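Trainee: when you get a sec, could you give me coordinates for this:
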Amino acid sequence: MEKKHLLLTIVTPEHTVLSDKPVDLVTIPAVGGEMGILPGHASFVVQLKEGVMHYKEGVHKEVFSVLNGFAEIHKDKVLIMAEAAELAKEVNEERARQAYQKARETLAMHGADIDLDAAQAALKRAAVRIKLAEIRRKHKQ
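Mentor: Okay, here's the model as predicted:
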């Protein structure tokens, strides 16, 4: 009997990050908590929050950051539609830490002329990117 796979696709408004990649397992940061998806999973749509997403293909594992969006699971296909998605090896940890600090400083200004939503989104994105870089560093050791 042939082993079943999921077909994983990750898209953002800017580009397709991954297209119909056969994988064994996907873990996503759903609003209600982390969720694991295996072949044969029931169909559903779930809202994503910012966080770390994993997929496993045999012994190979990849880690991504995803920022908000939705995941649709249907007939062994997983479609991730995120505001942003980034592969762990693409994250520059120093730049992420600088962006985090800048976002914190912007939020601390309390000025009427700052875009509070944009500053909070930048802070969340930088925090996820730092977490992703730390995971990558830990796996290299």
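Trainee: mind listing what's buried along stretch 109-127?
Mentor: Residues 119, 121, 122, 123, 124, 125, 126, 127 are the ones in stretch 109-127 that count as buried (16 or more other C-beta atoms under 10 Å). Every residue, glycine included, has its C-beta placed from N, CA and C.
Trainee: show me the beta-bridge partners of residue 33.
Mentor: Counting by DSSP bridges, residue 33 is bridged to residue 30.
Trainee: ok, it - how many residues close by?
Mentor: Number of residues near residue 33 (other C-beta atoms under 10 Å) recorded here: 8.
Trainee: ok, residue 6 next?
Mentor: 23.
Trainee: same deal with residue 13?
Mentor: Residues near residue 13, counting by other C-beta under 10 Å, number 9.
Trainee: name the SS class of it, please.
Mentor: Here residue 13 is coil, with the state taken from DSSP: H, G, I helix; E, B strand; the rest coil.
Trainee: got phi/psi on it?
Mentor: Note on residue 13: its backbone torsions stand at phi -60, psi -30 [degrees, to the nearest 10].
Trainee: compute the distance between the residue nearest to it when sequence neighbours are not counted and residue 51, please.
Mentor: Excluding its sequence neighbours, the residue lying closest to residue 13 (C-beta to C-beta, 6 or more residues apart in numbering) is residue 83, at 7.1 Å. Here residue 83 is placed at a distance of 12 Å from residue 51 (C-beta to C-beta, to the nearest Å).
Trainee: again with residue 26
Mentor: From residue 26 to residue 51 the distance is 13 Å (C-beta to C-beta).
Trainee: ditto for residue 9
Mentor: Distance from residue 9 to residue 51, by C-beta to C-beta: 18 Å.
Trainee: same question for residue 24.
Mentor: Applying C-beta to C-beta, the value for residue 24 to residue 51 is 20 Å.
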